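Engineer: what follows is a protein structure lacking sequence information:
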């Protein structure tokens, strides 16, 4: 339990303790939900009660003790499918967040630090992209790139790049004027050295929030694409695709096909948003003081 | 024997363009500048502490930054060791300049990274210039410099972050960091103004010790003339971007000739209730640094201003040995007021 | 006649990390026409005294003990309505950083007239004309009443603050670092102005500053503060002639004097104390060159040495003979 001890002694824990109760609760709930989802992503296939792809004769059964969330038209257990689907809805979101964060960091830091014509051009591009409502943009990219796992990941990542870029760029601009940066320059440090060693730590403060927000939006986007028939194609049990399928049987009274996929999306969203809100309050000194 | 000049400024100007945007430049066709430094000439000899004294807005900090190459000049030349620093384009050479000239700053909090411990802060210059071959040597050098500037107890302070240190300790870290590269010239920009009164002397005495120990040449920038008297061998009094009086410290303190210097000295509060100060009257307000009229820039506030003062700006003239004044009155009277 | 009599004032800031003992058992008297200066390092409690007297302590500050008798009445026990009679009219304040204290949206004339209108029963025209008079009094042309704060220089803004402080003819003015943010020459003019006004208007003053030289030139009496306590109090001339407390001596000697011969000055070792856990015994002992065993265990009480000169030091007699 060395980890627990280290955690308790860390700076983070001290901040946690003086944070308002609401933030503590949010962080705990959010973290637990996320832990659950991570378990699903990593071990989904093993812990699912049934094989997600296995057909059976229990067609369109309502939720029971055997099939906790009912079955679909082909007799496949919905609960298992949704657990396995986490790999896609969340896992791909993770990839997308990785891509968009990396691109945002790279372009934002260069743009903010060097300024000049490069900055102006990038700002122009990013501002024009920013105009598109996030999902519409993702939709366009999905249509252009076509269905598939990597294509979806890429499409979803594009949705977050402009805002990541802006955030990193503004942090870079505000930090680069500070005294200790000038001191480093006078000491003879190169620009790269300054960016990587002295400006980069400032990105950490928003990285938590960026990532969890990105995961939330990403998951929602992927499910949205799946629902519209773009993105991940069936028979892959992605949540959105499941939701689309379930919708077809709604008129037959099979409410579980719609409710449970939606429920999974809801839980994932709540997990990310609560965690990011809670962390933001704990880590952000100004908000702490106000609340 | 004449000591060589480490730093020499020749008619250096730094004007900041503050003309506001397209509309005004079309309509008025007049460009407005903040003339932060407006024709400054002086040199600093090896081993000397040269004080640049003046109130806020007089251009002393900008002058310091010009010498450090932190900003470029609008006009004029800055020579460091005989070389015009603004002609050096080679990256390698520019980087090597850091080994010769360093800076100490006014705000001991802002000029330290919040993410680095004392150890890492001091290791930075060594790492940037590849001056050590392994971690042990690095630690050795860091401990050595900490002991030199009296940053003790060393093991207790090494892992601390800047916000865990007192103002005086932070300033010592800044001084230590500057000294690590073994420069022979240091610009000290108001190094004690933000420190508590009781700690100032400690830091000032440290700087004097370091000057002796490392054979340093210093440019000491301050608004506090009493401190500049304590620290400096030579003083240059600045007003609105120009040096109005320059010379050996004791000469200037005991025999100020420029009316501005006289006013400055008479305004300094003296920690002795028995001293009644002679009042040098100053009239009017401080004109802005967008000075663009002819004549002496101090004339609007000068109690002795005459007609000629608003037409012609006086240059620095040597009145007695090494004592320069930019005021026509100075030639006539050399008696203290 | 005593205008202000502060007795055993104790103010703490109750933070989650512990109680910051900002002011501990402070007592002093301010007579009519007197100027009392409070000097000490930042964090020694001098501003907190002013805030406690005016009852404008920010959260989480609290006055835990003591009496602040203004003309015989305890300010700390007053109701809001009674306080309004004291603030601005009895005691007024001038704080440092006039930029932050003036409202950028209103002309200065109006800002000076406002307290007059709030505290006195006169018409708007009369208040505005009084504001004009006040501006003249502080050396600003009254046409400037129509300017906004950002149209004035730092020195002028500070003068406006002084004018506001004088608006309701107070008996006492508390000036907290009135010249710290100002340039030397302007600061000098402002202090001269304050001196002039004191004479003209029969004003008493409490001057709070870390710059002991300013007090030397403007005040009658001086109180040296350390770690929330007064460690020495006497007339200014007495204090400079024979400073008794080691801290006072060290403080006076950390200011280079332009009028005397240049000499080596020494700093005070160590750093200002942690007010949540101040050192046991005499708070100054870790930094004192003369500290003995008793200094580490027993807190020295303020003792009268002679003629209004009081010191809190176990070895005050020895110190007297040293100097």
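Structural biologist: Received it, and whenever you're ready, just let me know what you need. Please read all numbers here as calculations on a predicted model, not as lab measurements.
Engineer: interface residues of the stretch 1-150 of chain A facing chain C?
Structural biologist: Residues of the stretch 1-150 of chain A lying close to chain C by C-beta under 8 Å from any C-beta of the partner chain are residue A:18. Where C-beta positions appear, they are placed from N, C-alpha and C, glycine not excepted.
Engineer: quick one: residue A:223 from residue A:155, how far?
Structural biologist: Remark: distance between residue A:223 and residue A:155 (C-beta to C-beta, to the nearest Å) = 13 Å.
Engineer: ditto for residue B:122
Structural biologist: 48 Å.
Engineer: and what of residue B:76?
Structural biologist: 57 Å.
Engineer: between the two, which one's more packed in?
Structural biologist: Using other C-beta atoms under 10 Å in any protein chain shown as the criterion, residue B:76 and residue A:155 rank with residue A:155 on top: 27 against 18.
Engineer: elements contacting the helix or strand containing the more buried one?
Structural biologist: Assigned by DSSP states H and E, residue A:155 belongs to helix A:149-176. Applying 3 or more C-beta pairs under 8 Å, 6 or more residues apart in numbering or on different chains; DSSP states H and E, we find helix A:149-176 packed against helix A:78-114, helix A:116-131, helix A:134-145, helix A:200-228.
Engineer: give me every residue in the stretch 51-200 of chain B lying close to chain A.
Structural biologist: So far as C-beta under 8 Å from any C-beta goes, the stretch 51-200 of chain B lies against chain A at B:68, B:70, B:94-99, B:102-103, B:105, B:107, B:110-113, B:115, B:124-125, B:128-129, B:174, B:177, B:181.
Engineer: list only buried entries from these.
Structural biologist: Those of those that meet the buried threshold are B:68, B:97-99, B:102-103, B:105, B:107, B:110-113, B:115, B:124-125, B:128-129, B:174, B:177, B:181, by 16 or more other C-beta atoms under 10 Å in any protein chain shown.
Engineer: just these: which are in helices?
Structural biologist: B:97, B:124, B:125, B:128, B:174, B:177 (DSSP state H).
Engineer: these: which two are farthest apart?
Structural biologist: Using C-beta to C-beta, the pair of those lying farthest apart is B:97 and B:174, separated by 18.9 Å.
Engineer: so what secondary structure elements neighbour the one helix or strand residue B:203 maps to?
Structural biologist: Residue B:203 is part of helix B:197-214, with elements assigned from DSSP H and E. Contacts defined by 3+ C-beta pairs under 8 Å, 6+ apart place helix B:197-214 against helix B:167-179, helix B:225-231, helix C:246-252.
Engineer: those: which one's closest to residue B:242?
Structural biologist: Between the helices and strands packed on helix B:197-214, helix B:225-231 lies closest to residue B:242; by C-beta to C-beta that is 17.3 Å.
Engineer: contacts for the closest one, please.
Structural biologist: With C-beta atoms under 8 Å, 6 or more residues apart in numbering or on different chains as the test, helix B:225-231 has contacts from B:49, B:51, B:53, B:192, B:200, B:204, B:207-208, B:220, B:222, B:235, B:249, B:253, B:264-265, B:268, C:184, C:255-258, C:262, C:265.
Engineer: only whichever of the residues you listed are buried, select them in PyMOL.
Structural biologist: A single PyMOL command is used to select the members of the contacts of helix B:225-231 judged buried by 16+ other C-beta under 10 Å:
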select buried, (chain B and resi 49+51+53+192+200+204+207+220+222+235+249+253+264+265+268) or (chain C and resi 184+255+256+257+258+265)
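Engineer: just want the most central residue of the chain.
Structural biologist: You didn't say which chain, so I picked chain A. For chain A, residue A:215 is the residue whose C-alpha lies nearest the centre (C-alpha atoms, centre = their mean; 0.3 Å).
Engineer: to clarify, I was referring to chain C.
Structural biologist: residue C:208 (2.5 Å).
Engineer: chain A versus that one, what's the distance?
Structural biologist: According to C-beta to the nearest C-beta, to the nearest Å, residue C:208 stands 27 Å off from chain A.
Engineer: can you confirm that residue is in a strand?
Structural biologist: Yes - applying DSSP: H, G, I helix; E, B strand; the rest coil, one finds residue C:208 inside a strand.
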